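1. sequence unknown, structure follows:
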């Protein structure tokens, strides 16, 4: 007699009230919170969601780009986020959150060792009009499809831009 398979239980995801889960908010209280994400459907979609403060409505920027590999799109989304922050909030300290670990590690390495160590990344920076990483920039990985409202918004807008 064949074994019965258990039904997969869909657990609801409860998004945070603020841009980040409550336990993380004190750590980033005085900073601009920036979330980047990418999606690849018919074309590539990049999205940036910026929270000037916890209670402000988010500012959203999206861009459609040619379809590429997932990690490359995520890196482009993070660079797009950096360019948007420099354009909209030039002197404000900020934290950039991305759900792609490879993009975060590459940008953290560039911040630590300098762009001269990664020539393709340096070329991407120049293409966007960025000479270097901003001084008061913190780059953090955040879990994808978790409870973070900022990441969920970035994911939704990236998917729409990729259609």
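-> Great, that's in hand. Since we're looking at a predicted model, the values are computed, not measured.
2. got the buried residues for the helix or strand of the chain with the lowest mean pLDDT?
-> Every helix and strand of the chain was ranked by mean pLDDT, DSSP states H and E. The lowest is helix 119-127, at a mean of 90. Neighbour-count burial for helix 119-127 flags 121, 122, 124, 125 (criterion: 16 or more other CB atoms under 10 Å). (Glycine included, C-beta is placed from N, CA and C.)
3. if I look at residue 25, what pLDDT would I see?
-> Model confidence at residue 25, given as pLDDT, is 88.
4. tell me the pLDDT of the nearest residue to it once chain neighbours are set aside.
-> Leaving out its chain neighbours, the residue that sits closest to residue 25 by CB to CB, 6 or more residues apart in numbering is residue 18, at 5.9 Å. At residue 18, the pLDDT value in this model is 86.
5. the protein: helices as residue ranges?
-> In the chain, the helices defined using DSSP state H lie at 70-88, 101-113, 119-127, 149-161.
6. before we move on, back to that, contact partners for the residue nearest to residue 25?
-> Shown in contact with residue 18 (CB atoms under 8 Å, 6 or more residues apart in numbering): 25, 54, 149.
7. and with 10 Å instead?
-> By CB atoms under 10 Å, 6 or more residues apart in numbering, the contact list for residue 18 reads 24, 25, 33, 51, 53, 54, 55, 148, 149, 150.
8. buried ones from these, can you make that a PyMOL selection?
-> To isolate the buried members of the contacts of residue 18 in PyMOL, using 16+ other CB under 10 Å:
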select buried, resi 24+33+51+148+149+150
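9. for the buried residues of helix 119-127, give me a markdown table that also has distance to residue 80.
-> Conversion of the buried residues of helix 119-127 to a markdown table gives the following (distance: CB to CB, whole Å):
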| residue | distance to residue 80 |
| --- | --- |
| 121 | 14 |
| 122 | 16 |
| 124 | 10 |
| 125 | 12 |
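10. ok, so of those, who is nearest residue 67?
-> Residue 67 lies nearest to residue 124 out of those, by CB to CB, at 17.1 Å.
11. now the closest one: how far from residue 40?
-> Note on residue 124: its distance to residue 40, by CB to CB, to the nearest Å, is 18 Å.
12. same thing with residue 133?
-> 26 Å.
13. what about stretch 141-151, average pLDDT?
-> Stretch 141-151 comes out at a mean pLDDT of 87.
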